[in-house]
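K.L.:
Sequence and computational prediction follow.
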Amino acid sequence: MAATPEKPTTAAPRRKVSRHRGEGQWAAGHFTPLNGNEQFKKDDDGLNVRTRIETIYSKRGFDSIDPNDLRGRMRWWGLYTQRRQGIDGGKTAILEPEELDDEYFMLRVRIDGGRLTTEQLRVIGEISQEFARGTADITDRQNIQYHWIRIEDVPEIWRRLEAVGLSTTEACGDTPRVILGSPVAGIAADEIIDGTPAIDEIQRRFIGNPEFSNLPRKFKSAISGSPQLDVAHEINDIAFVGVNHPEHGPGFDLWVGGGLSTNPKLGQRLGAWVPLDEVPDVYGGVIGIFRDYGYRRLRTRARLKFLLADWGTEKFRQILEDEYLQRKLVDGPAPEQPAGTWRDHLGVHRQKDGRFYVGFAPRVGRVDGTTLTKIAELAGEHGSGRLRTTAEQKMIVLDVAEDQVESLVAGLESLDLKVNASPFRRGTMACTGIEFCKLAIVETKARGAALIDELERRVPEFDEPLTININGCPNACARIQVADIGLKGQLVLDKDGNQVEGYQVHLGGALGLEAGFGRKVRGLKVTSAELPDYVERVLKRFQAEREDGERFATWTARASEEALS
């Protein structure tokens, strides 16, 4: 019997085969740049732009600057173009970069560990007065930021800063940014361990090192041996938190993967205890993982927090140990709950050597060059010549003899730098805002300063710890999601239907071992004009409804939407 012939088949159309590019991870062999930022970094290391600034741009002026240097590589040396004056927030997301750019720069001075001498602060103040129209802001990452900087003046500014041991190297860009450190490292009576030697060694090995100058995005770090948990460790890419190991003694608990912006995530413990002399090696391992495995395809997913979320802590620790350290880390304990309610070191405190340190608060981190030089003079007259900036936009004078404290406090208060500050002066922070920032939508610094004055006048009896963080856009430079009252700048409609500056409100965020993100009440937005009324109203409801000892953040978690509106 003859076999039945098979039916003819129709060949399926051939599909174009393309190699999956993944997330652009170098460790997976994906070295082809997948976006413009990765391309300009491959074309030339951002560290190399300094030579062009010194030899070409500073001599030929703003118009001579290559666009990839202007909006890219110059960040590796702390330079951002600032916002052109007079452009309202409604145009922030509409205009092209060249339309938003002014011919002036913000320049960020990195101050690792917040450590300054009176000589350094005096130079910072003099540069402000001579080159920055008097501007100088203390940031919530312990840096100082100038505005109105001309490209022609940058080499001279660098010369003066570097002559006193300061730098703008990798203060911005896809680099290892400033290392936060406890502002009372080495002097606090309750300190678990002094992390200063590790900060110094990390600076020596990694900052300005071309092996780590092309990261997927910024890399934020913090090291503190203070039991007050005073460096916002939960929102850094890597953090070392002082702990006492029951067998090995003082060391650090390792955290990774924190960060805020539009997709906030809290850092997670790897469960590892790190002795002081091994901190730089572990730092190098984690930053190496970020460089090699970090996502480079989409800028919105190019932070370490996204890699950690996909891997989990167990895999992250295993790769750190097996591929980068070639040894196992010691398991260790978590930090203990801080004893105090404030972590800013404001006020007068005794040091472990019997002298005192004095912490004081400008308004929302805003100072000026003249004030900084006067602070330097006061610190020189009353202390040993050492100062610190804090991660809360504050400053501290160290090493003050007991008989000098009263005079120093009086001198600071005469400059409107409050040592005995209200909760509102003490707890209000603000980012740069629309005055200078190209990403901003609303005003922040002036708004925050005015809000402090209004609340001190309206609710003078309020004496509870409270943080009010004001941000000019959704990017959370002022940490809005982890504030008691977080204010995210946006355009809103007033009662007459007009589009005006305002804020979306986050309530009840916190850092510390009870860290968490604030609650957003549905539809709750306030105009800038209504802001003092709104905050006053919520604080008075808290005072009326709170239980004994209840914190503001705890109350907001249980309060009705009506009470929070």
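P.N.:
Received, thanks.
K.L.:
Please make it C-alpha for all contacts and neighbour counts, starting now.
P.N.:
OK.
K.L.:
Residue 367 belongs to a strand?
P.N.:
Yes. According to DSSP: H, G, I helix; E, B strand; the rest coil, residue 367 belongs to a strand.
K.L.:
What pLDDT does the model give it?
P.N.:
At residue 367, the predicted lDDT confidence score is 97.
K.L.:
my guess is it contacts residue 128, does it?
P.N.:
No. The criterion here is C-alpha atoms under 8 Å, and residue 367 misses it with residue 128 at 10.2 Å.
K.L.:
Overlap in contacts, the two.
P.N.:
135-136 (C-alpha atoms under 8 Å, 6 or more residues apart in numbering).
K.L.:
just the helices in the stretch 301-450 of the chain please.
P.N.:
304-311, 313-319, 369-382, 405-414, 423-427, 445-458 (DSSP state H, counting those that start in this stretch).
K.L.:
Among those helices, which comes closest to residue 547?
P.N.:
helix 423-427 (19.6 Å; C-alpha to C-alpha).
K.L.:
Identify the residues contacting that closest one?
P.N.:
346, 361-364, 418, 452, 455-456, 462-469.
K.L.:
What does the nearest residue to residue 250 once chain neighbours are set aside show for phi and psi?
P.N.:
Distance criterion C-alpha to C-alpha, 6 or more residues apart in numbering; nearest residue to residue 250, sequence neighbours excluded, is residue 244 at 4.3 Å. Dihedral pair for residue 244: phi -100, psi 120, per degrees, to the nearest 10.
K.L.:
what does residue 214 give?
P.N.:
Dihedral angles of residue 214 (phi, psi; degrees, to the nearest 10) stand at phi -130, psi 80.
K.L.:
And the contacts of helix 423-427, which of them are buried?
P.N.:
346, 361-364, 418, 452, 455, 462, 466-469 (16 or more other C-alpha atoms under 10 Å).
K.L.:
Just give me the closest of the residues you listed to residue 37.
P.N.:
residue 469 (30.3 Å).
K.L.:
who touches the host helix or strand of the closest one?
P.N.:
When elements are assigned from DSSP states H and E, residue 469 belongs to strand 468-471. For strand 468-471, contacts defined as C-alpha under 8 Å, 6+ apart pick out 424, 427-431, 433, 444, 448, 477-480, 483-489.
K.L.:
Now the element after that strand, going C-ward?
P.N.:
strand 485-493.
K.L.:
which parts of that following strand are buried?
P.N.:
485-492.
K.L.:
In JSON lines, list the residues you listed along with pLDDT.
P.N.:
Formatted as JSON lines, the buried residues of strand 485-493 follow (pLDDT from 0 to 100):
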{"residue": "485", "pLDDT": "97"}
{"residue": "486", "pLDDT": "96"}
{"residue": "487", "pLDDT": "97"}
{"residue": "488", "pLDDT": "96"}
{"residue": "489", "pLDDT": "96"}
{"residue": "490", "pLDDT": "95"}
{"residue": "491", "pLDDT": "96"}
{"residue": "492", "pLDDT": "95"}
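K.L.:
Please convert those to CSV, extending it with distance to residue 88.
P.N.:
Below are the buried residues of strand 485-493 laid out as CSV (distance: C-alpha to C-alpha, whole Å):
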residue, distance to residue 88
485, 25
486, 22
487, 19
488, 16
489, 13
490, 12
491, 10
492, 14
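K.L.:
how far is stretch 445-461 from where the chain is centred?
P.N.:
24 Å (C-alpha atoms, centre = their mean, to the nearest Å).
K.L.:
So for that stretch, what gets flagged as buried?
P.N.:
Those would be 445, 447-449, 451-452, 454-455, for stretch 445-461 by 16+ other C-alpha under 10 Å.
K.L.:
try stretch 94-110
P.N.:
100-110.
K.L.:
Also stretch 511-522?
P.N.:
511-512, 515-521.
K.L.:
quick one: which of the residues you listed is nearest residue 558?
P.N.:
residue 519 (10.4 Å).
K.L.:
Tell me if I'm right that the closest one and residue 487 touch.
P.N.:
No. Residue 519 lies out of contact with residue 487 (C-alpha under 8 Å); the separation is 11.6 Å.
K.L.:
which among the buried residues of stretch 94-110 gets closest to residue 287?
P.N.:
For the buried residues of stretch 94-110, the nearest to residue 287 is residue 110 (18.8 Å; C-alpha to C-alpha).
K.L.:
How far off centre is the lowest-mean-pLDDT helix or strand in the chain?
P.N.:
Least confident helix or strand, the chain: strand 519-527 with a mean of 89, by mean pLDDT, DSSP states H and E. Distance of strand 519-527 from the chain centroid (C-alpha atoms, centre = their mean) equals 25 Å.
K.L.:
Measure how that strand sits relative to strand 485-493, angle-wise.
P.N.:
Relative orientation of strand 519-527 versus strand 485-493 (axes from the mean of the first three to the mean of the last three C-alpha atoms, to 10 degrees): 50 degrees.
K.L.:
Apart from its chain neighbours, what residue comes closest to the spatially most central residue of the chain?
P.N.:
Taking C-alpha atoms, centre = their mean, the centroid of the chain lies closest to residue 141, which sits 4.5 Å from it. Counting by C-alpha to C-alpha, 6+ apart, residue 141 lies nearest to residue 391, which is 5.1 Å off, once chain neighbours are set aside.
K.L.:
Against residue 565, how distant is the one you found?
P.N.:
30 Å (C-alpha to C-alpha, to the nearest Å).
K.L.:
Between the two, which has more neighbouring residues?
P.N.:
Neighbours were counted for residue 391 and for residue 565 using other C-alpha atoms under 10 Å; residue 391 has more, 23 against 16.
K.L.:
and that one, how far is that from residue 96?
P.N.:
33 Å.
K.L.:
go on, residue 484?
P.N.:
Residue 484 is 35 Å from residue 96, by C-alpha to C-alpha.
K.L.:
same deal with residue 402?
P.N.:
Counting by C-alpha to C-alpha, the gap from residue 402 to residue 96 is 56 Å.
K.L.:
before we move on, what about residue 490?
P.N.:
For residue 490, the distance to residue 96 - C-alpha to C-alpha - is 19 Å.
K.L.:
Whatever helix or strand residue 290 lives in versus helix 304-311: what angle between them?
P.N.:
Here residue 290 sits within helix 279-293, counting by DSSP H and E. Taking the same axes, to 10 degrees, one finds that helix 279-293 is oriented at 80 degrees with respect to helix 304-311.
K.L.:
Quick one: residues in contact with helix 279-293.
P.N.:
By C-alpha under 8 Å, 6+ apart, helix 279-293 touches 25-28, 198-199, 201-202, 206, 212, 214-216, 219, 238, 240, 274, 304, 307, 320, 324-325.
K.L.:
and it, how far from the chain's centre?
P.N.:
Per C-alpha atoms, centre = their mean, the centroid offset for helix 279-293 relative to its chain is 20 Å.
K.L.:
Not counting its neighbours along the chain, what's nearest residue 521?
P.N.:
residue 561 (6.4 Å).
K.L.:
before we move on, what about residue 170?
P.N.:
That would be residue 76: by C-alpha to C-alpha, 6+ apart, it lies 4.5 Å from residue 170.
K.L.:
Neighbours of that neighbour, how many?
P.N.:
28.
K.L.:
circling back to that earlier point, and the helices of the stretch 301-450 of the chain, which is most packed in?
P.N.:
Mean neighbours per residue, mean count of other C-alpha atoms under 10 Å, is largest over the helices of the stretch 301-450 of the chain for helix 423-427, with a mean of 25.
K.L.:
wouldn't residue 503 be in contact with residue 494 here?
P.N.:
No. In this structure residue 503 lies outside contact range of residue 494 using C-alpha under 8 Å: 11.6 Å.
K.L.:
which one of those two has more residues nearby?
P.N.:
The neighbour count for residue 503 versus residue 494, taken as other C-alpha under 10 Å, is higher for residue 503 (26 against 17).
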